[in-house]
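**Q** could you work out the structure for the sequence below:
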Amino acid sequence: MRIQPRWWIGLGVYLTYMGWVFAAWTYLDIDYAALGSQANLLRGVIVPLGIAAIVLCAFNGLAGWWPQATREPPLRQPVFLAAVLVPMLGFIGMNLYSTAWAAIGMEHVLVLAAAMLLVGFCEEMVHRGILLVGLRHSLRSEAWVWFWSSALFGLLHATNAFFGLGAAALVQVVLAFCAGTGLYLVRRLTGNLWMAMALHALWDFSSIAQGLGRGPQSLGALVFLGGIYVASIAVVVLVLRCGAGAGASAKP
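**A** Below is the predicted model of the structure:
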């Protein structure tokens, strides 16, 4: 690595990304409740996150962080991985099944897919990629790496309070912390960031598509969603307490 990882470098990338999205949404007057509209997806997601993705790729290339940001030795705990993946895939599948696709339109679906791919790439690269690398080279405990990478992911969603979500953003912060824990586990258990990116993109795509189709949120989807949050916290405790997360920190 040409630039030695430190926690403050990862935090700097995180704050820059948060500030960039916040400034773009403020300038464009984005309404969070209407984020799924085709116009808002184009100007509020694809354009700013497309620029962010280019900058993140350039940073990794210049710093030499690509291997560490995207790969690590997998934990190879199939039971733990299944406990996290089953509710995630169940939630995504139930949303896709219950979406009224005819009410959305193919062009809108393609724009939504492109936007959510960028969300999955950028948010995972910032939190479970660059930030995680910086934390692992600065903190002695993998538990703190998990906590801070997930907590800052949750805190990112607090800015939605300024775009129409209001006090409900506080609930979103807590739920995003749990979801971020699940995505952290996907990276640790599979050994790569790309799986977490794909699941993140599919999660957001299915959630927004289901809302756009104006179909009712199925009980099954809600059960799986609750299962994601519960399983993520339970599994991360088991992983860290059993020592499966030990040694992940890469001190220079």
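**Q** mind listing what Y17 touches?
**A** Contacts were defined as Cβ atoms under 8 Å, 6 or more residues apart in numbering; by that measure Y17 touches A52, L56, C122, V126. C-betas here are computed from N, CA, C, even on glycine.
**Q** could I get those as a markdown table with pLDDT?
**A** Listed next are the contacts of Y17 as a markdown table, based on pLDDT from 0 to 100:
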| residue | pLDDT |
| --- | --- |
| A52 | 98 |
| L56 | 98 |
| C122 | 98 |
| V126 | 98 |
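**Q** farthest pair in the residues you listed?
**A** Spatially, the most separated pair among the contacts of Y17 is A52 and V126, at 8.4 Å (Cβ to Cβ).
**Q** who's more crowded, the two?
**A** More crowded of A52 and V126, by other Cβ atoms under 10 Å: V126, with 25 against 21.
**Q** so what's that one closest to, chain neighbours aside?
**A** Y17 (5.0 Å; Cβ to Cβ, 6 or more residues apart in numbering).
**Q** next one: Y229
**A** C178 (4.0 Å).
**Q** that neighbour contacts A231, doesn't it?
**A** No: under the criterion of Cβ atoms under 8 Å, C178 makes no contact with A231, lying 9.4 Å away.
**Q** between those two, which has more neighbouring residues?
**A** In this view C178 and A231 are compared by other Cβ under 10 Å, and A231 has more residues nearby, 23 against 18.
**Q** residues in contact with that one?
**A** Neighbours of A231 in contact, by Cβ under 8 Å, 6+ apart: A83, V84, P87, G182.
**Q** how close does the second one get to R6?
**A** With the distance defined as Cβ to Cβ, to the nearest Å, V84 ends up 29 Å from R6.
**Q** rewinding a little: could you dump the contacts of Y17 to JSON lines with distance to M94 and secondary structure?
**A** Shown next, in JSON lines, are the contacts of Y17 (distance: Cβ to Cβ, whole Å; DSSP: H, G, I helix; E, B strand; the rest coil):
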{"residue": "A52", "distance to M94": "30", "secondary structure": "helix"}
{"residue": "L56", "distance to M94": "31", "secondary structure": "helix"}
{"residue": "C122", "distance to M94": "26", "secondary structure": "helix"}
{"residue": "V126", "distance to M94": "28", "secondary structure": "helix"}
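**Q** can you map out the helices along the chain?
**A** For the chain, the helices defined by DSSP state H cover 7-28, 38-41, 47-63, 66-70, 78-98, 106-124, 132-136, 142-156, 168-190, 193-212, 219-241.
**Q** let me know how buried M1 is, in neighbour terms.
**A** 14.
**Q** let me redo that: L139
**A** For L139, the count of nearby residues is 16 (other Cβ under 10 Å).
**Q** number the chain from 22, please
**A** Okay, residue one is now 22; in that scheme the one you just asked about reads as L160.
**Q** now it: how far from G232?
**A** L160 is 38 Å from G232, where distance means Cβ to Cβ.
**Q** next: L106.
**A** Relative to G232, and taking Cβ to Cβ, L106 is found at 23 Å.
**Q** of those two, who's got more company?
**A** L106 (20 against 15).
**Q** residues touching the closest residue in space to that one that isn't next to it in sequence, list them.
**A** For L106, the nearest residue in space outside its immediate sequence neighbours is V207; the separation is 7.3 Å by Cβ to Cβ, 6+ apart. Contact partners of V207, counting by Cβ under 8 Å, 6+ apart, are L102, V105, L106, M216, A217, L220.
**Q** for V132, state which of those is nearest.
**A** Taking the contacts of V207 together and measuring to V132 by Cβ to Cβ, the closest member is L220, at 20.6 Å.
**Q** now do the same for that closest one: its pLDDT.
**A** Per-residue confidence (pLDDT) for L220: 98.
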